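Q: Please work out how this folds:
(chains A and B)
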Amino acid sequence: MRLIVIRILATLAVLLGVNYVAWRWLESVNWSAWWIAVPLVIAETYSLIDTVIFSATMWRARERPRPTSPPQGTVDVFITTYNEPIELVMATASAAKRIAYPHETWILDDGARPEMAEAARRAGIGYIERTADWAGKPRHAKAGNLNNALFQTDGEFLLILDADQVPDPLILERTLGYFANDPQVALVQTPQWFVNVDEADPLGSQAPLFYGPIQQGKDGWNAAFFCGSNAVLRRDALMQLGIVGYVRDLESSTRRTLRAAESLLDREARRRAAEPALRSELSKLRAEVAAARRAVEQGEPIAEVTFGLRAAVEDASRRLVAADVKSIHADLAAIQALPVERDAELGVVVIDDAALDRLAATELSPLGAVDAVAALLDALRVDRPDEAQPIQPLATISVTEDMATAMQLHSLGWRSVYHHEILAHGLAPEDLGTMLKQRLRWAQGTLQVMLRDNPLLKRGLSAGQRLMYFGTMWSYLSGFAAVIYLAAPMVYLMLGILPVTAWSLDFFLRFLPYFLVNQLLFILVARGIKTWRGQQYSLALFPVWIKACVTSFANVVFKAPLDFVVTRKDKTREGGVPWREIWPQLTAMALLVLALIVGVGRVIVGTGDGTGTLVNTIWVAYDLLALSVIVQAARYRGFVGAGQGAAAEEREKGIA
Amino acid sequence: MNVTVTTGERHATVAPEGRLTAVAAPQLRQAVQDLIDGGSTRIVIDMSATEFVDSSGLGALIGALKAARLAGGDLRIAAVPETVRTVLRLTNLDRVLRAHPTAAEAFDAD
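A: Predicted structure coming up:
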């Protein structure tokens, strides 16, 4: 019944939205002030698409029935850490050890701290750090940490916990049944819930709308997201991802290498006109490379083709060296023929065919001295020499490995589950600066995935899954719309310039029903959850969203670094007001207040329009109310609530 | 799982029997590493007695291929049962490794 009402409202919201925005484009753009009118109507179109995606998400939002199968399978519990206090990690690890269902607990210490290893050992908890393979290779942050541990453990299922997410003893009993129920389930995600947050939650840490209706809605489309922690994954599915990714990478890099090698060998052969023997071998090799490329294109197994090519290079260098060896032998024979030089020592040392054979080894041969050949051989290794592990199950294309991994699982036909029950208690950042960094990182990660592996184009995803992934990415573009929503009423109140043709009855008849149905849908979906913080922050963090768009675009397109930072969850060094991050919001608030004063003044002196000023005053009031959360957040000095959860107490101890 | 290792004149053979999964994967990797350390770098994985391979098992094969190649040799698979072929196809690994009919002829072409 509730779902039917939601669907009716969702349909209405979209229809009324189309009605309004179509009218805006066709009838009411004030073209004489196009510089503000056109951006505004584009921003409104952006919001309409948001409404469509939200409505689609809610179309299938429902509580899942509990799995009928009992929990089964072997489990490894992974606690990922980098620089969190030892006591905090140990509190989580000890709770993980107490999980009722049989399992093994591991601390994955990316900081490789001896005192962490010692604490784990004393508590009888497994400790994993990066293997020697990772030296000098890209580390891939948390994804790399997990990938490293996957090859040192063997549980069928993996519970992944951030260092500060203290698990409930029943977390596995409640989630493992889904995997037994459906062998295609690869992921069960449970909510993230924070204990060090009071009722007011000035930093907007709790995400009850996301870990609730939104995840349930995505789940309805088989697109529940992996959120990095408090989730159980199926090892076989992850490994399959890793192997498929390995094959894809190997195939494209082999083709690329062979293409490049062909033209390099060509050029090299022309340059070596003075060395006819070398030149002829290079030309022969070039023909071999061309044949290898054709073989790969015709579907011959890559390992076989590359092995054959390597053998061809070795043969060529052997032939080249053989010629040299012959002349050396001839020289030696001449030397031995001289009575004075007939020395036993000389004979033993020099006529060593094994040593001469080693000379034929590719690196030492004249062929090995040709850079093009050396590069070719290196690139044709089948072990991804530029990576620590040939197989990387967790996606490494983004700083937020979770979303990218889930999307790849979905594209291979695996299913995901959102289990709506709090089974871990975590810690949220306690100061605005840390929180801003964390949000920036999430946004950057999501946008990286959109730019590198766009769900709208990705093979293997259903239409619903495409929309669910795209929707989250779309929502991070809201920063640009926010700037326009802040600027439009300022422009009107201060300069009297209308972005719409008139604040007429037509406008209200079209706008108000759309707006009201939208709000109604939101209230119904939220079911009493407090969503105001989320609404405030979606506007108030506009500088963060814009920064994320710019930096991730620069990163993906121009390979600029993202300035990735690990979110600190203890408050030892952070805590001051991050003026450098929040000046845009403060400036916007000052300008909004100024606009209000000017606008009211213009009505008093008779140069302003009453209706227009009223509409824009309400608009400005909303903007100010939303932005005010930044002031509240900047004044926040951390959680001091009574009856703190166990985790928060542990954290306090950790800092002391 | 049980792994039988035989060293021949032209190549060594590793035959995993039973289920090649995450639990058995380290055993296979170790067997291959021991061969390489002993100087046998041309290795055939004879799968005639392998009932089942999961993605972790395939991961071990790739790891072994890497080790053999780095040592200057090669790793090949032979006598692959239909159930295992399905997994190879599913993961596209058949694009990388050729399934040779028997262990004896896996290195015939060289």
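Q: continuing past the biggest strand by length in chain B, what's the next helix or strand?
A: Within chain B, and with DSSP state E defining each element, the longest strand by residue count is strand B:12-20. Read in the C-terminal direction, the helix or strand following strand B:12-20 is helix B:25-37, with elements assigned using DSSP states H and E.
Q: Only the buried residues of that next one, if you could.
A: For helix B:25-37, a neighbour-count test (16 or more other C-beta atoms under 10 Å in any protein chain shown) marks B:A25, B:L28, B:R29, B:A31, B:V32, B:L35, B:I36 as buried. The way it works is simple: take the backbone N, C-alpha and C, and place the C-beta from them, glycine included.
Q: Point out the other elements, helices or strands, that the next helix or strand after it touches.
A: From helix B:25-37 onward toward the C-terminus, using DSSP H and E, the following helix or strand is strand B:42-46. The helices and strands touching strand B:42-46, judged by 3 or more C-beta pairs under 8 Å, 6 or more residues apart in numbering or on different chains; DSSP states H and E, are strand B:12-20, helix B:25-37, helix B:55-70, strand B:74-78.
Q: so which of the ones you listed gets nearest chain A?
A: Comparing these against chain A with C-beta to the nearest C-beta, the closest turns out to be helix B:55-70 (3.3 Å).
Q: So the closest one, near chain A or not?
A: Yes. Remark: helix B:55-70 sits within contact range of chain A at B:S55, B:S56, B:L58, B:G59, B:I62, B:G63, B:L65, B:K66, B:R69, B:L70, by C-beta under 8 Å from any C-beta of the partner chain.
Q: Now tabulate these in TSV and tack on pLDDT.
A: Formatted as TSV, the entries for these read as follows, by pLDDT from 0 to 100:
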residue	pLDDT
B:S55	93
B:S56	93
B:L58	95
B:G59	93
B:I62	93
B:G63	92
B:L65	93
B:K66	90
B:R69	89
B:L70	87
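Q: that older thread, want to throw the helices and strands packed on strand B:42-46 into TSV with distance to A:I302?
A: As requested, the helices and strands packed on strand B:42-46 are arranged in TSV below (distance: least, C-beta to C-beta, whole Å):
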stretch	distance to A:I302
strand B:12-20	21
helix B:25-37	20
helix B:55-70	11
strand B:74-78	13
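Q: list the helices and strands whichever strand or helix holds A:V544 packs on?
A: Counting by DSSP H and E, the secondary-structure element that holds A:V544 is helix A:542-558. When contacts are defined as 3+ C-beta pairs under 8 Å, 6+ apart, helix A:542-558 packs onto helix A:432-452, helix A:478-495, helix A:579-604.
Q: for those, which one ends up most surrounded?
A: Mean neighbour counts were taken over the helices and strands packed on helix A:542-558 using mean count of other C-beta atoms under 10 Å in any protein chain shown, and the top value, a mean of 22, falls to helix A:432-452.
Q: how far is it from where the chain is centred?
A: Its chain's average C-alpha position is 8 Å from that of helix A:432-452, according to C-alpha atoms, centre = their mean, to the nearest Å.
Q: got the angle between that helix and helix A:579-604?
A: 90 degrees (axes from the mean of the first three to the mean of the last three C-alpha atoms, to 10 degrees).
Q: Quick one: name whatever helix or strand follows helix A:432-452.
A: Note on helix A:432-452: by DSSP H and E, the next helix or strand toward the C-terminus is helix A:463-475.
Q: mind saving the C-alpha coords of that next one as CSV?
A: The C-alpha coordinates for helix A:463-475 follow below in CSV (Å, rounded to 0.1, in the frame of the first residue of the first chain):
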residue,chain,number,x,y,z
ALA,A,463,19.0,-0.3,-17.3
GLY,A,464,18.0,0.0,-13.6
GLN,A,465,21.5,-0.5,-12.4
ARG,A,466,22.9,2.0,-14.9
LEU,A,467,20.4,4.6,-13.6
MET,A,468,21.1,3.8,-10.0
TYR,A,469,24.9,4.3,-10.4
PHE,A,470,24.5,7.2,-12.7
GLY,A,471,22.1,8.8,-10.2
THR,A,472,24.7,8.9,-7.4
MET,A,473,27.3,10.4,-9.8
TRP,A,474,24.7,12.9,-11.1
SER,A,475,24.0,14.1,-7.5
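Q: my read is A:V629 is in a strand, agree?
A: No. With DSSP: H, G, I helix; E, B strand; the rest coil as the criterion, A:V629 is helix rather than part of a strand.
Q: residues in contact with it?
A: A:P202, A:G204, A:R533, A:Q536, A:Y537, A:A540 (C-beta atoms under 8 Å, 6 or more residues apart in numbering or on different chains).
Q: Let's have these in a markdown table, adding distance to chain B and pLDDT.
A: Output for the contacts of A:V629, formatted as a markdown table (distance: C-beta to the nearest C-beta, whole Å; pLDDT from 0 to 100):
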| residue | distance to chain B | pLDDT |
| --- | --- | --- |
| A:P202 | 45 | 92 |
| A:G204 | 39 | 92 |
| A:R533 | 42 | 92 |
| A:Q536 | 44 | 94 |
| A:Y537 | 40 | 95 |
| A:A540 | 44 | 96 |
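Q: Show me which residues of chain B are close to chain A?
A: For chain B, the residues found near chain A under the criterion C-beta under 8 Å from any C-beta are B:21-23, B:25-26, B:54-56, B:58-59, B:62-63, B:65-66, B:69-70, B:74, B:90-98, B:110.
Q: Out of the helices and strands packed on helix A:542-558, flag the one nearest chain B.
A: Closest approach to chain B among these (C-beta to the nearest C-beta): helix A:432-452, 20.1 Å.
Q: quick one: contacts for the closest residue to A:L451 other than its chain neighbours?
A: In space, and not counting its chain neighbours, A:L451 is closest to A:V556: 4.1 Å by C-beta to C-beta, 6 or more residues apart in numbering or on different chains. Neighbour list for A:V556: A:Q448, A:L451, A:R452 [criterion: C-beta under 8 Å, 6+ apart].
Q: what does the model give the most centrally placed residue in chain A for pLDDT?
A: Computing the C-alpha centroid of chain A and ranking residues by C-alpha atoms, centre = their mean puts A:T400 first, at 2.7 Å. Model confidence at A:T400, given as pLDDT, is 84.
Q: List the residues that contact it.
A: Residues A:G228, A:R441, A:W442, A:Q444, A:G445, A:T446, A:Q448, A:V449 are the ones in contact with A:T400 under the rule C-beta under 8 Å, 6+ apart.
Q: A strand includes the first one, no?
A: If I follow you right, that is A:G228. No. The assignment for A:G228 by three-state DSSP gives coil, which leaves it out of any strand.
Q: these two touch, right, it and A:A404?
A: No. In this structure, A:G228 sits apart from A:A404 without contact. The criterion is C-beta atoms under 8 Å, and the distance is 10.9 Å.
Q: Could you measure from A:E156 over to chain B?
A: Counting by C-beta to the nearest C-beta, to the nearest Å, the separation of A:E156 from chain B is 7 Å.
Q: measure that residue to A:S55 for me?
A: Separation of A:E156 from A:S55 (C-beta to C-beta, to the nearest Å): 38 Å.
Q: Grab the nearest non-local neighbour of the spatially most central residue of chain B.
A: Central residue check for chain B by C-alpha atoms, centre = their mean: the C-alpha nearest the mean position is that of B:I45, 2.9 Å away. In space, B:I45 comes closest to B:I77 once its chain neighbours are excluded; the distance is 4.8 Å by C-beta to C-beta, 6+ apart.
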